[in-house]
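what's the 3D shape of this:
(chains A and B)
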2 protein chains.
Amino acid sequence: MKKYMPSMPLILVGVIVVLAATLVGVLIFIRNQPPQQRAFEPLVEIKAMEPDSSLWGENFPNQWSTHQKTGTNNVDTTYGGSSAFSWLERDPRQVILFAGYSFSVEYNDDRGHMNALEDVRNTERLNLNPDDPARTPGTCYSCKSSNNPALWDEMGMAEFDKMSFMEIGARIEEPIGCANCHEAGTMRLIVTNPALDEALKAQGRDWTTFTRQEMRTVVCANCHVEYYFKGDGKYLTFPWAKGTNIDQIIAYYDEYDFKDWEYPEAGTPMLKAQHPDYELFTADSTHFKAGVSCSDCHMPYVSEGAAKFSSHDIHSPLLNPEQACGQCHTDSEYAVRRVNLIQEQVATTKQNTEDALIDAINAIKAAAADPNADAELLDQARSLHRKAQFMWDFVSAENSTGFHNPEYALKILAESTNLARQAQMLAAQSVNDASLLKMGTYYQTSEAPTTP
Amino acid sequence: MKKYMPSMPLILVGVIVVLAATLVGVLIFIRNQPPQQRAFEPLVEIKAMEPDSSLWGENFPNQWSTHQKTGTNNVDTTYGGSSAFSWLERDPRQVILFAGYSFSVEYNDDRGHMNALEDVRNTERLNLNPDDPARTPGTCYSCKSSNNPALWDEMGMAEFDKMSFMEIGARIEEPIGCANCHEAGTMRLIVTNPALDEALKAQGRDWTTFTRQEMRTVVCANCHVEYYFKGDGKYLTFPWAKGTNIDQIIAYYDEYDFKDWEYPEAGTPMLKAQHPDYELFTADSTHFKAGVSCSDCHMPYVSEGAAKFSSHDIHSPLLNPEQACGQCHTDSEYAVRRVNLIQEQVATTKQNTEDALIDAINAIKAAAADPNADAELLDQARSLHRKAQFMWDFVSAENSTGFHNPEYALKILAESTNLARQAQMLAAQSVNDASLLKMGTYYQTSEAPTTP
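Predicted coordinates:
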């Protein structure tokens, strides 16, 4: 052994020299590379606003195959999910709350993105006038198909919305897909819904300047928002001109004197909330303020083999908490317990609000039937009923049972209950009849609710 | 150089042998040390339950000097603080809500621990019967002095509580101090208040088996809890036998038919909430479930020179968020913004609840003045008033403006408002008079509130 030892230090010096030279070489090589133009070389060139997601899928097989799971992977959670269960069966109070409106006929929970087109075509809500199918506007397709961006581009949204559901439906074949959120070629996230583009502009906001992380929330607002159909042209409009918090939205509707329907026998000009997920989440929720986007929880990064990509199987994070919550929360079981508790608190409070609303409705109906009712007090009662029910619906129709913004949701429900009780009291005052103050009328009546 | 090289490998081997031998020696030395008995060698021996904190302070100068700061360091936050501001001036609704009870005469926010004794002796609440000072029970000293543990030990709590405030007061000299939470000698955290010991035992819980982290919350429950004075002996009692959530506490009081006072002209048997910080925080709040103790935020570890110790200058974490929140939250500014928003949401909701309660009170008073009122309906109204006001007070008297458990606080306020409105409606029904349904009566009346 000993005769080899003298050479060992020399070997070590040699190794160091070789390593240093290699490092310098690598650095020079990296520096001389051309700047990266594109993260991938596409197998298929995709034309602008291509409706066929399967073509995009050839370039992005992982995103496409996870997106396809939204067609079949429709699992429920405790308070929501995507199995298309009936809200009217699960909570029959809603049959009463939406009496006189199509949502009292059918109100099913939404299924995954790939089912959007099939579900909108099958809903009973659109078949209420079989003798006059033209009454249903084309606007109902706004958030159901990847054909929309190209059609909006071709004819303009005003024209799209003016057409009947049947007429424009003949040109729609694809469910929600890649073109609803991505720009072909660059794949960057974009606003495709002209209503969102206009609503942001009305607020002086330019989405083309947003960061990618901001866009990972804003693209969801292409659809997951409060909206209404404006005027005779049924022009898709987000009521955001005054801002996106609930008071600003109600002020907008009041100024415009808009109503979705009139509550039968009560005469209240009602508003139906859609799915204001974006508005509730961005109203200074803790996750939003921490810089978390919709996609961080609903489209977490997952691994398959050597690939890491954002899952496009969009659903409740409660179904994959290790991936969804675990990207930030080391203890995802703890996070799930928190969500469960918060949703239970919101669901219980929401139910109490519904009971208060039904009491108010019954009182207003009784007062409205009395020709001697004080018109001013009765109108005040209706005004509070309108506001209270929209506030409740803002939380109820939203897709998180309050979790997107727990404190704000509970504050809204507290105010809604207060207003509903006040509406009931004003109705009783309008006819000077304390017998209209019955409480828990939902539990006391076996009357069939009024439906159109 | 070359002639030294042959010896280098030998030197390396030598170094390794020396290092290994040293390591073995150190391990043997450590193993043969006697087990550690005490983390420190005290300068002064402290006798059991020593009331004089300055003696303990000789052994623990950092803890003692920070504890002393609670005497002078009385700064306010947006919604609370420790400057002894008047709640009755800040929110005159409370003069009405506590009408007929001592809290409508004086209701000042609590100052720091070192002021507890001075403040209890100076409060107007105890001087309402100057001709009969014996009416004030000794129980009022329960949480004000480090003399208590020794006195409780000497005479038993029943005897302590039976004495008058003046009588037992002659033996009390020290404000809150070391002996209220620590065992002399070992310095371990202990339950010193017999009422807490009994309340835990009634739940089948043995605090001597709790971990140190659990005790860093439980010692605060020596005082920061809901309690009442039971029976003629004014025996200090925590209403926890059914559990510590608000429904369980109300059920306890209802079963015991306890009332703190009767609301004048309304006849409602009222409950005054104390400061249920422990109950609200431990009702599955997010921080509690994450394993955070009261001390983690209110007594954060701080450094002075080479010493690291838990600050005993206990106050709102909003006054030192870098230390208080920063131990877990990397962005303490973000955490403060969250607290501010949540407290604003709770404070606004709480105010709406107060307005609903005042409307209910005015309606019940009017109904109670009517000899023809339906007694059963009126009693139902009183029952809901009692429950609604205690729920409101549970959040209002608690020391965090809801932050200790935001969702639970907002859920409680939503229910309280609903019950208050129902109480008003029942009162109107009891006299079949819809004119009792006036809303916002707080803003409409210039009447001086009733005080005893």
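
For the rest of this, base every contact and every neighbour count on C-alpha atoms.
OK.

Let me know how buried the residue of chain A found nearest chain B is, in neighbour terms.
At 4.1 Å from chain B, residue A:414 is the closest residue in chain A, using Cα to the nearest Cα. The tally of other residues near residue A:414 (other Cα atoms under 10 Å in any protein chain shown) stands at 31.

quick one, phi psi at the nearest residue to residue A:226 once chain neighbours are set aside?
In space, and not counting its chain neighbours, residue A:226 is closest to residue A:276: 4.6 Å by Cα to Cα, 6 or more residues apart in numbering or on different chains. Main-chain dihedrals, residue A:276, degrees, to the nearest 10: phi -80, psi 50.

now do residue A:81
The phi/psi pair for residue A:81 (degrees, to the nearest 10) is phi 120, psi -160.

Give me the mean pLDDT for stretch A:300-314.
The average of the pLDDT scores along stretch A:300-314 is 94.

Tell me the buried residues in it?
Buried residues in stretch A:300-314, defined by neighbour count with 16 or more other Cα atoms under 10 Å in any protein chain shown: A:300-301, A:310-314.

So what's the residue count around the nearest residue to residue A:374 once chain neighbours are set aside?
Counting by Cα to Cα, 6+ apart, residue A:430 is the residue found nearest to residue A:374 once chain neighbours are left out, at 4.6 Å. Per other Cα under 10 Å, the neighbour tally for residue A:430 reads 25.

Test my guess that residue A:430 contacts residue A:369.
No. Judged on Cα atoms under 8 Å, residue A:430 makes no contact with residue A:369 at a distance of 11.4 Å.

where does the closest residue to residue A:274 other than its chain neighbours land in three-state SS?
Among residues not flanking residue A:274 along the chain, residue A:226 sits closest, at 5.1 Å (Cα to Cα, 6+ apart). Of the three states, residue A:226 takes coil under DSSP: H, G, I helix; E, B strand; the rest coil.

Same question for residue A:41.
Put simply, residue A:41 is coil when judged by three-state DSSP.

The one 4 residues further on too?
Classification of residue A:45 using three-state DSSP returns coil.

just to revisit the earlier point, quick check: the residue nearest to residue A:226 vs residue A:436, distance?
34 Å (Cα to Cα, to the nearest Å).

before we move on, the earlier item: verify the stated contact: the residue of chain A closest to chain B with residue B:412.
No. Contact between residue A:414 and residue B:412 fails when scored by Cα under 8 Å: they sit 9.2 Å apart.

who's in contact with residue A:418?
Residues in contact with residue A:418 (Cα atoms under 8 Å, 6 or more residues apart in numbering or on different chains) are B:417-418, B:421.

Turn those residues into a markdown table, columns for secondary structure and pLDDT.
As requested, those are exported to a markdown table (DSSP: H, G, I helix; E, B strand; the rest coil; pLDDT from 0 to 100):
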| residue | secondary structure | pLDDT |
| --- | --- | --- |
| B:417 | helix | 98 |
| B:418 | helix | 98 |
| B:421 | helix | 98 |
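
Sort out which residues of the helix or strand hosting residue A:295 are buried, please.
Assessed by DSSP states H and E, residue A:295 sits inside helix A:294-298. Going by neighbour count (16+ other Cα under 10 Å), the buried part of helix A:294-298 is A:294-298.

same check, this time on stretch A:428-448
A:428-439, A:441-442.

And for stretch A:196-203?
Result for stretch A:196-203 [16+ other Cα under 10 Å]: buried residues A:196-200.

Dump those into TSV; add pLDDT and distance to chain B as well.
Shown next, in TSV, are the buried residues of stretch A:196-203 (pLDDT from 0 to 100; distance: Cα to the nearest Cα, whole Å):
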residue	pLDDT	distance to chain B
A:196	98	28
A:197	98	29
A:198	98	30
A:199	98	26
A:200	97	25
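
The residues you listed in helices, which ones?
Among the buried residues of stretch A:196-203, DSSP state H puts A:196-200 in helices.

Residues of the stretch 201-350 of chain A that sit close to chain B?
Residues of the stretch 201-350 of chain A lying near chain B by Cα under 8 Å from any Cα of the partner chain: A:286, A:290, A:334, A:338, A:342, A:345-346, A:349.

coming back round to it: what would the buried residues of stretch A:300-314 look like in a markdown table with distance to residue B:123 and secondary structure?
Formatted as a markdown table, those follow (distance: Cα to Cα, whole Å; DSSP: H, G, I helix; E, B strand; the rest coil):
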| residue | distance to residue B:123 | secondary structure |
| --- | --- | --- |
| A:300 | 58 | coil |
| A:301 | 60 | strand |
| A:310 | 62 | strand |
| A:311 | 63 | coil |
| A:312 | 64 | coil |
| A:313 | 63 | coil |
| A:314 | 60 | coil |
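
quick one: average pLDDT of whichever strand or helix holds residue A:392?
Using DSSP H and E, residue A:392 falls within helix A:375-396. For helix A:375-396, mean pLDDT is 98.

Buried residues, that helix. List them.
A:377-396.

In the stretch 251-400 of chain A, what residue spans correspond to strands?
In the stretch 251-400 of chain A, strands defined by DSSP state E, counting those that start in this stretch lie at A:261-262, A:269-270, A:301-304, A:307-310, listed in chain order.

I'd like to know which of these is closest to residue B:101.
strand A:269-270 (44.8 Å; Cα to Cα).

So residue A:437 is in contact with residue A:428, correct?
Yes. With contact defined as Cα under 8 Å, residue A:437 counts as touching residue A:428 (6.7 Å).

Report the set of residues contacting both of the two.
residue A:363.

Dihedrals phi and psi, residue A:240?
Dihedral angles (degrees, to the nearest 10) for residue A:240: phi -110, psi 0.

what's the neighbour count on it?
23.

Likewise for residue A:105?
Neighbour tally, residue A:105, other Cα under 10 Å: 18.

Just give the closest residue to it, not the sequence neighbours.
residue A:125 (6.7 Å).

Next one: that neighbour, what pLDDT does it get?
On the pLDDT scale, residue A:125 gets 83.

Tell me where the stretch 301-450 of chain A has helices.
A:321-324, A:332-368, A:375-396, A:406-430, A:441-444 (DSSP state H, counting those that start in this stretch).

Where does pLDDT dip in chain A?
A:1-9, A:26, A:29-40, A:129-134, A:445-452 (pLDDT under 70).

at 90 instead, please
A:1-43, A:73-74, A:81, A:123-136, A:304-306, A:444-452 (pLDDT under 90).

Residue A:249 and residue A:140: what is the separation?
When residue A:249 is compared with residue A:140 (using Cα to Cα), they lie 21 Å apart.

same deal with residue A:334?
For residue A:334, the distance to residue A:140 - Cα to Cα - is 40 Å.

Settle it for me: which of those two has more neighbours?
residue A:140 (18 against 15).

Look up the closest residue to that one, ignoring the ones flanking it.
Per Cα to Cα, 6+ apart, closest to residue A:140 is residue A:165, 7.0 Å.

if I read this right, the one you found contacts residue A:137, doesn't it?
Yes. The criterion here is Cα under 8 Å, and residue A:165 meets it with residue A:137 at 4.9 Å.

got a list of what residue A:380 touches?
Contacts for residue A:380 (Cα under 8 Å, 6+ apart) come out as A:423, A:426.

Equivalent analysis for residue A:386, please.
A:268-271.

ok, of these, which come out buried?
Buried by 16+ other Cα under 10 Å: A:268-271, out of the contacts of residue A:386.

can you put those in CSV and add distance to residue B:328?
Listed next are those as CSV, based on distance: Cα to Cα, whole Å:
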residue, distance to residue B:328
A:268, 50
A:269, 49
A:270, 47
A:271, 44
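
okay, among those, which ones form the most distant pair?
Among the buried ones among the contacts of residue A:386, A:268 and A:271 lie farthest apart (Cα to Cα), at 9.5 Å.

and of the helices of the stretch 301-450 of chain A, who's closest to residue B:184?
helix A:332-368 (37.4 Å).
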